[in-house]
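In: sequence unknown, structure follows:
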């Protein structure tokens, strides 16, 4: 371990497994954990007649995805190594474990590795006769979407899609319906993030990029990759203006829209700062005639110990609002249950 | 180890196993370099992930026998798919799975057989990753290698020498990625900032071909 790296761990190679063991010890009454291959499913999986929903991705984004396993949200999650996609055998095992006979939905963030591994898993599931639908999230406006890039990254909207699809699955809707709903959420959602500090993966021991004491990085992803541009540090009002204008102009969100606003911490930012950000966002949107009718503030899709935040908006309609409000009972998100 | 002489017409199962072991050793040796290349334009995990996968592959080879080249290549592919993760897992996994399908039941391969195998692997990689030559990916090392093998095959060159030419072509292809702007994978997010860096995937693919050339040249 590099002397510069200060982490509450035992050994870099053991972090993912030991964190999973901690989750099992804490929540073993409602979660079931498999270690080879690695996946987490709700204790009562598979739920007969219900669409099973799994997601997965590199570790280091906690509570996503394992913290969102439970009634009303995910049936299963596959954690990879830190910032590395999980593998098709994990996804296949989780798919089988949550298949209650109504098919399985894979919610996948648009990263090259995640998409390819989930594609192989869907092929394997198809060969075994399990109907699999796939929703790929790609809400990050910091990335140019073009034929010449891997396309926009999937970030904050993934959490919201998992919640809303989870609620629809509890209503025993078909796998095709639930997937369609997930795509609608993705289409109506946009995000952008920023960093005050980089983060350090346990295996590399070095920060993923270097920011000066007086600099911030705008348009970061969730894997410590650098952002769209670097600027001198600015007050929260300016930061929110940068992020929120890019988000609002992209869809665009218009006067009269009702939205769900998520102010997400990247892992190293205290809640007190996230509420300052929320205040700025509230006023920014109010001035444009956009009303926040639902909100989520906290650390939900993180980048290890990175300081910074992301803003996600989802344009709401009655159905999406109702499904957002439906009961959910997971380690990281819980209401109405 | 590799049971061929420099002018042998074919390679056998032992030579293929020697190739895989040599590749694992090269990845281990170049792990830090691959991490450094990937940190510049990706997420810095290519060396770590490939090394984890190839260690698992070698563990399995230690217990495996038989003389079916296709079966062994498929087993390498399955191990990589289930242990590497990231983008490299499906891509290298598919490369070996498709090479395995193309050589199923074969106890030996001549130049034509090895060419067909690598070409099948390349097709699998392109269909999984949707990359074209010039996108700054492993494809930029593999395409020239397959082309060199085809030329060697029509020139009647034996498999050891053909593979050496393929490795040289892969090296040229790898170097040619330096001025390219990435269009696939995480490097594509950097756009013009990806120019000036050698692609880590093309680098590991060159190591794959160089390992083959070394293993197949052994006597």
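Out: That came in fine, so what should we check first? All of these numbers come straight from a predicted model, not from anything done at the bench.

In: got any ranges where chain A has weak pLDDT?
Out: Regions of chain A meeting the criterion pLDDT under 70 cover residues A:1-4, A:145-148.

In: can you do 50?
Out: A:1 (pLDDT under 50).

In: so who does the closest residue to residue A:308 other than its chain neighbours touch?
Out: Using C-beta to C-beta, 6 or more residues apart in numbering or on different chains and skipping residues adjacent in sequence, the residue nearest residue A:308 is residue A:195, 3.8 Å away. For every residue, glycine as well, the C-beta is placed using N, CA and C. Residue A:195 sits next to A:211, A:216-217, A:220, A:227, A:266, A:303, A:306-308 when contact means C-beta atoms under 8 Å, 6 or more residues apart in numbering or on different chains.

In: mind putting the residues you listed in JSON lines, neighbour count and distance to residue B:62 included?
Out: Converted to JSON lines, the contacts of residue A:195 look like this (neighbours: other C-beta atoms under 10 Å in any protein chain shown; distance: C-beta to C-beta, whole Å):
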{"residue": "A:211", "neighbour count": "18", "distance to residue B:62": "46"}
{"residue": "A:216", "neighbour count": "23", "distance to residue B:62": "51"}
{"residue": "A:217", "neighbour count": "22", "distance to residue B:62": "46"}
{"residue": "A:220", "neighbour count": "29", "distance to residue B:62": "43"}
{"residue": "A:227", "neighbour count": "21", "distance to residue B:62": "45"}
{"residue": "A:266", "neighbour count": "26", "distance to residue B:62": "43"}
{"residue": "A:303", "neighbour count": "29", "distance to residue B:62": "38"}
{"residue": "A:306", "neighbour count": "28", "distance to residue B:62": "41"}
{"residue": "A:307", "neighbour count": "20", "distance to residue B:62": "46"}
{"residue": "A:308", "neighbour count": "27", "distance to residue B:62": "46"}
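
In: Out of these, which comes closest to chain B?
Out: residue A:227 (9.3 Å; C-beta to the nearest C-beta).

In: Strands along chain A, start to end?
Out: Using DSSP state E, the strands found in chain A span residues A:31-35, A:38-42, A:52-59, A:76-82, A:104-109, A:132-137, A:189-195, A:215-218, A:229-232, A:258-265, A:291-298, A:308-315, A:328-329, A:334-335.

In: which bits of chain A sit near chain B?
Out: Residues of chain A lying near chain B by C-beta under 8 Å from any C-beta of the partner chain: A:37, A:58, A:80-81, A:83-89, A:111-113, A:116-117, A:119-120, A:143-144, A:147-150, A:153, A:201, A:203-204, A:208, A:221, A:223-226.

In: Can you tell me which of the residues you listed are buried?
Out: A:37, A:58, A:80-81, A:83-89, A:111-113, A:116-117, A:119-120, A:143, A:149-150, A:153, A:201, A:203-204, A:208, A:221, A:223-226 (16 or more other C-beta atoms under 10 Å in any protein chain shown).

In: The helix or strand where residue B:174 lies - contacts with which helices or strands?
Out: Assigned by DSSP states H and E, residue B:174 falls within helix B:159-176. Packing contacts for helix B:159-176, counted by 3 or more C-beta pairs under 8 Å, 6 or more residues apart in numbering or on different chains; DSSP states H and E, involve helix B:111-129, helix B:139-154, helix B:200-217.

In: ok, residues contacting that helix?
Out: Under C-beta under 8 Å, 6+ apart, the answer for helix B:159-176 is B:4, B:6-11, B:109-111, B:114-115, B:118, B:140-149, B:151-153, B:157, B:198-199, B:202-203, B:205-206, B:208-210, B:212-213, B:216-217.

In: Pull out the buried positions in that helix.
Out: B:159-171, B:173-174, B:176.

In: wait, residue A:250 sits on residue A:143?
Out: No: between residue A:250 and residue A:143 there is no contact under C-beta atoms under 8 Å: 11.1 Å.

In: residues touching residue A:90, list them.
Out: Applying C-beta under 8 Å, 6+ apart to residue A:90 gives the contacts A:37-39, A:56, A:78, A:80.

In: same thing but at 7 Å, please
Out: Contact analysis of residue A:90 by C-beta atoms under 7 Å, 6 or more residues apart in numbering or on different chains lists A:37-39, A:56, A:78.

In: from these, which two are the most distant?
Out: Farthest apart among the contacts of residue A:90 by C-beta to C-beta are A:37 and A:56. That separation is 10.9 Å.

In: coming back round to it: kindly write the ChimeraX command that selects the buried subset of the contacts of helix B:159-176.
Out: A single ChimeraX command selects the buried members of these (16+ other C-beta under 10 Å):
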select /B:4,8,10,11,109,110,111,114,115,118,140,141,142,143,144,145,146,147,148,149,152,153,157,198,199,202,203,205,206,208,209,210,212,213,216,217
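
In: wait, doesn't residue A:237 sit right on residue A:280?
Out: Yes: the criterion here is C-beta atoms under 7 Å, and residue A:237 meets it with residue A:280 at 5.1 Å.

In: out of these two, which sits in the more crowded spot?
Out: residue A:280 (21 against 13; other C-beta atoms under 10 Å in any protein chain shown).

In: Pretty sure residue A:236 is one of the things the more buried one touches, is it not?
Out: Yes: using C-beta under 7 Å, residue A:280 is in contact with residue A:236, at 5.5 Å.

In: For residue B:96, which of the helices and strands packed on helix B:159-176 is the nearest?
Out: The closest of the helices and strands packed on helix B:159-176 to residue B:96 is helix B:111-129. By C-beta to C-beta, the value is 6.9 Å.

In: in the closest one, what counts as buried?
Out: B:111, B:113-122, B:124-126, B:128-129.

In: does chain A sit close to that helix?
Out: Yes: counting by C-beta under 7 Å from any C-beta of the partner chain, chain A is contacted by helix B:111-129 at B:128-129.

In: What's the mean pLDDT across that helix?
Out: Computed over helix B:111-129, the mean pLDDT rounds to 97.

In: any idea of the angle it forms with helix B:139-154?
Out: 160 degrees (axes from the mean of the first three to the mean of the last three C-alpha atoms, to 10 degrees).

In: Point out the other elements, helices or strands, that helix B:111-129 touches.
Out: Of the remaining helices and strands, those touching helix B:111-129 by 3 or more C-beta pairs under 7 Å, 6 or more residues apart in numbering or on different chains; DSSP states H and E are helix B:88-102, helix B:139-154, helix B:159-176.

In: how does it look with 8 Å?
Out: Helix B:111-129 packs on helix A:112-127, helix B:88-102, helix B:139-154, helix B:159-176, going by 3+ C-beta pairs under 8 Å, 6+ apart.

In: Pull up the overlap in contacts between residue A:37 and residue A:56.
Out: A:78, A:90.

In: Write out the residues of chain B neighbouring chain A.
Out: B:35, B:39, B:43-45, B:48-49, B:81-91, B:93-94, B:128-129, B:181, B:183-186, B:188-191.

In: Lovely, talk soon.
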